[in-house]
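Trainee: Everything below, folded, please.
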Amino acid sequence: MEDIKLLKTLENNARLSNHELALMLDTTEDAVEAEIKRLEDKNVICGFHTVINYDLTANETVTALIEVGATPKRDTGYDSIAKEIYRFNEVSTMYLMSGKSEFIVIIKGRTMKEVSDFVARKLAVIEGVTRTETYFVLKQYKAEGIILAEKHDEDPRMKVKL
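Mentor: Alright, predicted model coming up:
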């Protein structure tokens, strides 16, 4: 079984059972289970997530993308700064980038104030961070390859309280 076929199949639908995966990949359930375990042990598969459209719930969630400028440290480059940032629970995603900013940090909070407090009190004060620029998400149209906006724009049902 090719790793990439298994990975692409799981990436498109992580809810498939080992039985379904075995049928799709023309192999056995035991082979699928062993391969998933091997890929998890190698940290190739790092988790299984659900894409949630919080706009259709009664929960208020604010997502922000933060550009972070940084000066690399002599022995560790950007890695030690990145480690200080990605260890915060508020950080959901972080990338080292090319372009005008060294990092893009994505965080979620309950309010804009909560996000701005995180930036001011935790992120901006890290040694090596030279600047931050915060962008608040106003509407989410697509996430992880899934279109969200078209499906429920006119949904008359009540929002679910989580």
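
Trainee: and the gap between the residue most central in space within the chain and Lys37?
Mentor: Central residue of the chain (C-alpha atoms, centre = their mean): Thr93, 4.6 Å from the mean position. In this view, Thr93 and Lys37 are 25 Å apart by C-beta to C-beta, to the nearest Å. To be clear about C-beta, it is placed using only N, CA and C from the backbone, and glycine gets the same treatment.

Trainee: next one: Val44
Mentor: 11 Å.

Trainee: And Ile52, by the same measure?
Mentor: 27 Å.

Trainee: swap in Tyr95?
Mentor: 28 Å.

Trainee: same deal with Ala58?
Mentor: 39 Å.

Trainee: Identify the residues contacting the residue lying closest to Leu39 once chain neighbours are set aside.
Mentor: Closest residue in space to Leu39, ignoring its immediate chain neighbours: Ile45 at 4.4 Å, by C-beta to C-beta, 6 or more residues apart in numbering. Contact analysis of Ile45 by C-beta atoms under 8 Å, 6 or more residues apart in numbering lists Leu7, Leu10, Ile36, Leu39.

Trainee: Ile45 is in what secondary structure piece?
Mentor: Assigned by DSSP states H and E, Ile45 belongs to no helix or strand.

Trainee: got a pLDDT number for it?
Mentor: The model reports Ile45 with a pLDDT of 92.

Trainee: how much space between it and Asp3?
Mentor: 10 Å.

Trainee: what sits in contact with each of the two?
Mentor: Shared contacts of Ile45 and Asp3, defined by C-beta under 8 Å, 6+ apart, comprise Leu39.

Trainee: Which parts of the chain are strands?
Mentor: Assigned by DSSP state E, the chain shows strands spanning 62-70, 91-96, 103-109, 129-136, 142-143, 146-147.

Trainee: Neighbouring strands - and their directions - for the last one?
Mentor: Using DSSP bridges, strand 146-147 pairs in its sheet with strand 142-143 (antiparallel).
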